[in-house]
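Trainee: Got a sequence here, can you build the structure:
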Amino acid sequence: MPLTVPVILGSVRSDRIGIRAARYLIAQLEARGHEAPLVDPAELKLPLLDRMYKEYPPGTAPDELERLAILYRRSDAFLVVTAEYNHGVPPALSNTLDHFLEEYYWRPSAICCYSAGAFGGVRAAMPLRAMLAEMGMPSIPAVLPIPRLQNAITEAGTPSEPRLEASAGRLLDELTWYAEALGARRQRGTPY
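Mentor: Below is the predicted model of the structure:
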């Protein structure tokens with residue numbers, strides 16, 4: 001069954017490498033027949049959170065927020081691509097996520113974390129996992145860490161490490177399973 005899985009990128013740096021992982025995962029999702037729009041905070045240029053989307057009177061939210069709300073409401077799952085900043089979640093990612101809440105409810109998320117070093121961003125994945133669960137889009141058990149991203153994936157989004165295809169495949173298999181299960185359950189109603 002085709003799914004809609006926004007890929008939410010967490011970096012706005014001018015020389016960011018996370019876009020490589022996002023491009024790769026978008027290609028993998030699309031190869032499975034899914035829609036995988038990129039949510040890029042560098043393009044969105046959302047202001048620092050002053051007011052959440054739900055706090056705007058109907059029809060008055062900025063266009064970027066309205067477009068994201070429409071996308072998120074029709075989404076089946078979310079895939080978050082995060083760097084590790086000071087052992088935590090990048091501020092651009094937190095700001096992008098924090099503009100919404102109810103639009104995430106009852107949908108699973110998956111985490112791809114990366115770094116230029118050996119740990120692959122896993123220290124950011126752990127606090128992000130708690131954050132995503134609190135927002136109503138709990139992360140699946142599998143995580144895709146990519147150490148030394150600058151060597152693992154080309155600028156065009158092509159992997160240069162064989163293990164990446166197997167690891168990404170497992171992550172996307174699991175995300176698909178959870179998305180289909182929660183989607184079927186959402187059809188029958190939610191607790192509130």
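Trainee: need the longest helix for this structure.
Mentor: Using DSSP state H to assign secondary structure, the helix with the most residues in the chain is helix 162-187.
Trainee: Any figure for the gap between the most centrally placed residue in the chain and residue 66?
Mentor: Nearest residue to the geometric centre of the chain (CA atoms, centre = their mean): residue 80, 2.0 Å. Distance from residue 80 to residue 66, counting by CB to CB, to the nearest Å: 21 Å. C-beta coordinates here come from the backbone N, C-alpha and C atoms, glycine included.
Trainee: Off-centre distance for stretch 24-32?
Mentor: Distance, stretch centre to chain centre, for stretch 24-32: 13 Å (CA atoms, centre = their mean, to the nearest Å).
Trainee: ranges for the strands of this structure?
Mentor: Secondary structure of the chain (DSSP state E): strands at 7-9, 38-39, 78-82, 109-114, 139-146.
Trainee: pLDDT of the shortest one, averaged?
Mentor: Here strand 38-39 scores 98 as its mean pLDDT.
Trainee: what residue ranges in this structure score low on pLDDT?
Mentor: Judged by pLDDT under 70, the chain has no weakly predicted residues.
Trainee: Look through it and report the residue furthest from the middle.
Mentor: The C-alpha centroid of the chain is most remote from residue 57, which lies 27.0 Å away (CA atoms, centre = their mean).
Trainee: What separation is there between the residue nearest to residue 19 when sequence neighbours are not counted and residue 115?
Mentor: Of all residues not flanking residue 19 in the chain, residue 9 sits nearest, at 6.6 Å (CB to CB, 6 or more residues apart in numbering). Residue 9 sits 15 Å away from residue 115, going by CB to CB.
Trainee: ditto for residue 166
Mentor: To residue 115, residue 166 is 20 Å away according to CB to CB.
Trainee: More neighbours: which of the two?
Mentor: Neighbour count, other CB atoms under 10 Å: between residue 166 and residue 115, residue 115 has more, with 23 against 9.
Trainee: Surely that one is in contact with residue 84?
Mentor: Yes. Using CB atoms under 8 Å as the test, residue 115 is close enough to residue 84 to be in contact (5.2 Å).
Trainee: Which neighbours do those two have in common?
Mentor: Taking CB atoms under 8 Å, 6 or more residues apart in numbering as the contact rule, residue 115 and residue 84 both touch residue 121.
Trainee: what sits against the residue farthest from the centre of the chain?
Mentor: Contacts of residue 57 (CB under 8 Å, 6+ apart): none.
Trainee: Much appreciated, bye for now.
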